[in-house]
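>>> with the input below, show me the fold.
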Amino acid sequence: MVSAEWLKKTELFNTLEESQLNLLLARSAVTSFSEGEMIFRQGEKADHLYILIKGAVDLISKTSEEIGLMTSRIEKEGSVFGIPSLLEPYAYNVSARSLRPTEVLTIEALFLRTRMEEDPKMGMEIMKKLATIYFNRLNALRSGVSKLLKELRVEKS
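Here you go, the predicted model:
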């Protein structure tokens, strides 16, 4: 059972008040995925935000019909994914696939967006956290690309 206390420890909601967390939990469900199961696909309407409870999820960006590039791996309990559900145009920009048996907290995105509009302080706190999460993931991706390019240069030499 996921509690407000658990949700308070997550990377996105750790600054929210217990009453706000309980409202979110009322519109949330724990969902299980088997190994290799698709959670959502790139381009689909983003109806839910996900918080990892246990397991692991690969975020995959499809760059062409043949190539699927794993851009990020979500393994830490409390990590958020499905962030485009909170940002226009509300479509997933990557696909998410469970790497092993996985449980997530699934939050109704429309409800959360409405709460963020009705409670601007809550909305601002969540948007600040989202910016930090995206910034950190972008930096990790840049670091990985830089490392790969250096390795390719060494191989060419």
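
>>> run the chain-centre distance for the helix or strand of the chain with the lowest mean pLDDT.
The weakest-scoring helix or strand in the chain, judged by mean pLDDT, DSSP states H and E, is strand 68-74 (a mean of 78). Chain-centre distance of strand 68-74: 12 Å, with C-alpha atoms, centre = their mean, to the nearest Å.

>>> what helix or strand is Ile60 on?
Assigned by DSSP states H and E, Ile60 belongs to strand 57-62.

>>> what's that strand in contact with?
With C-beta atoms under 8 Å, 6 or more residues apart in numbering as the test, strand 57-62 has contacts from 39, 42, 50, 68-75, 81, 93-99, 102, 104. C-betas here are computed from N, CA, C, even on glycine.

>>> which SSE is Asn136 in?
helix 120-156.

>>> low-scoring stretches of the protein, by residue?
64-68, 70, 157 (pLDDT under 70).

>>> how many neighbours does the residue lying closest to Gln20 once chain neighbours are set aside have?
Excluding the flanking residues, the one nearest Gln20 by C-beta to C-beta, 6 or more residues apart in numbering is Met122, at 5.5 Å. Met122 sits with 20 neighbouring residues when counted by other C-beta atoms under 10 Å.

>>> settle this for me: Met122 is touching Leu112, isn't it.
No - look at Met122 against Leu112 with C-beta atoms under 8 Å: they stay out of range, at 9.5 Å.

>>> report the central residue of this structure.
Phe81 (0.7 Å; C-alpha atoms, centre = their mean).

>>> touching, that residue and Tyr50? I think so.
Yes - under the criterion of C-beta under 8 Å, Phe81 makes contact with Tyr50 at 5.1 Å.

>>> name the residues contacting each of those two.
Shared contacts of Phe81 and Tyr50, defined by C-beta under 8 Å, 6+ apart, comprise Val57, Ala96.
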